[in-house]
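J.: Any chance you could fold what I've pasted below:
(one chain, ligands or ions: 2)
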Amino acid sequence: MTRRIIIDTDTAQDDCIALLVGLLDPDSTLEAITMVAGNVGFARQVHNAFMTLSAADRLGDVPVHLGCERPLTREWISAENVHGDGAGGMHMDLAGLAPESEHGVDALVRLVSENPGEIDVVAIGPLTNIAMAIVKDSTFAENVRSLTIMGGSNNGRGNITAAAEFNFFVDPEAAVTVFGSGMKITVVPWAPLTLNDAVFGADKLAQIAKIGTPLARFFTKVCAATLDFDESVGIFGTTHPDSLSAAVLLHPELITSVSDYNVQVEASSDLTRGYSAMSWGVHDLEPNAQVVESVDSEGFFDLICKLLSAPTSPYREIAGLL
Ligand code: BDR
Ligand code: CA
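T.: Ligands and ions are numbered 1, 2, ... in the order given. Take a look at the predicted model:
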């Protein structure tokens with residue numbers, strides 16, 4: 001079944017692959033890309049989104065809207081130590097390309113209010129834009145068909161601190177707003193799900209390299225840049241929580257275990273800022289989200305390989321894409 005989706009992204013590394021899923025999967029119509037402050041500099045994220053559109057030969061087909069350039073109440077924190085420029089050093093000339101003049105939050109509000117119950121949102125960065133949309137339009141939460149969030153950890157380790165995953169850490173107040181909104185939410189957490197089921201080790205990366213298409217080379221270049229960092233923290237491969245989020249929305253059959261949870265995010269402590277308390281149904285708390293617990297990891301990998309096999313050539317030249 002085809003889904004009409006918006007991807008809200010801090011475009012670097014796996015965000016690029018999530019955009020490819022939204023652009024290339026036949027079950028997806030990508031209505032808009034909205035940008036939020038997160039992984040790397042805002043302008044660089046916008047560049048990476050346009051470059052990904054070009055890699056998929058879809059430049060000009062999908063609007064890119066600039067959203068919030070910092071979290072609701074806090075200073076922006078980046079993950080440039082993990083992602084570098086988020087594009088593996090590739091570069092594309094943006095001359096003649098411009099994002100939409102409409103703000104990302106306004107685009108979210110407009111598209112959802114014009115199409116009540118029709119739009120699925122995939123949020124793969126800090127939740128600032130989504131929280132702003134909820135605050136701006138009191139019907140937004142009820143009119144979104146579903147929200148798939150990459151964030152938090154399900155009683156597992158964090159990645160930016162021992163307690164917290166990056167997206168929730170950057171804007172915990174936004175996460176609090178979103179989990180309190182009543183929206184239909186599915187969470188794709190960092191641990192244990194991503195670490196168990198969405199890390200591509202050397203064998204898988206070699207299989208992708210063998211595909212040989214420009215899209216596969218794009219994947220290799222964008223993702224390989226994080227390998228040294230991953231290894232330094234004991235992860236032996238590239239991590240794919242963002243593309244997994246898009247994939248489970250479009251292909252729920254990939255999910256092998258999912259349960260109702262009550263999810264609360266810590267916004268007042270310094271020590272545990274952004275920690276996600278995911279209560280699995282035994283603490284007398286109302287569920288406010290479904291949390292994905294495991295997926296068919298081979299099925300997910302096969303989907304990515306299938307999408308990367310499409311024989312597209314970039315719309316515009318990408319320097320460094322060998
Ligand atoms: C999340 O943080 C970002 O660095 C990734 O893009 C992903 O969305 C993982 O914690
Ligand atoms: Ca992201």
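J.: The chain against ligand 2: which residues are in contact?
T.: 10, 15, 124-125, 242 (Cβ under 5 Å from the ion). Placement of C-beta: from N, CA and C, glycine included.
J.: In helices only, show me these.
T.: Per DSSP state H, helices hold the following members of those: 15, 242.
J.: Let me have the residues of the chain next to ligand 2 in JSON lines, adding neighbour count as columns.
T.: Formatted as JSON lines, the residues of the chain next to ligand 2 follow (neighbours: other Cβ atoms under 10 Å):
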{"residue": "10", "neighbour count": "28"}
{"residue": "15", "neighbour count": "32"}
{"residue": "124", "neighbour count": "28"}
{"residue": "125", "neighbour count": "31"}
{"residue": "242", "neighbour count": "31"}
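J.: and ligand 1, which of the residues of the chain next to ligand 2 contact it?
T.: Among these, the residues lying close to ligand 1 (Cβ under 6 Å from any ligand atom) are 15, 124, 242.
J.: Got the confidence number for the first one?
T.: If I follow you right, that is residue 15. On pLDDT, residue 15 comes in at 98.
J.: Output the set of residues of the stretch 101-250 of the chain in proximity to ligand 1.
T.: Neighbours of ligand 1 within the stretch 101-250 of the chain, by Cβ under 6 Å from any ligand atom: 124, 150, 159, 165-167, 190, 241-242.
J.: Give me the neighbour count for residue 215.
T.: When neighbours are counted by other Cβ atoms under 10 Å, residue 215 registers 26.
J.: I misspoke; the intended subject was residue 230.
T.: Neighbours around residue 230, by other Cβ under 10 Å: 17.
J.: do the same with residue 153
T.: By other Cβ under 10 Å, the residues close to residue 153 number 24.
J.: check contacts around it.
T.: 164-165, 189-192, 276, 278 (Cβ atoms under 8 Å, 6 or more residues apart in numbering).
J.: out of the residues of the stretch 101-250 of the chain next to ligand 1, which one sits closest to ligand 1?
T.: For those, the closest approach to ligand 1 (Cβ to the nearest ligand atom) belongs to residue 166, at 3.7 Å.
J.: Would you check that the closest one makes contact with residue 79?
T.: Yes: using Cβ atoms under 8 Å, residue 166 is in contact with residue 79, at 5.7 Å.
J.: Same drill for the two, tell me which one is more crowded.
T.: residue 166 (25 against 22).
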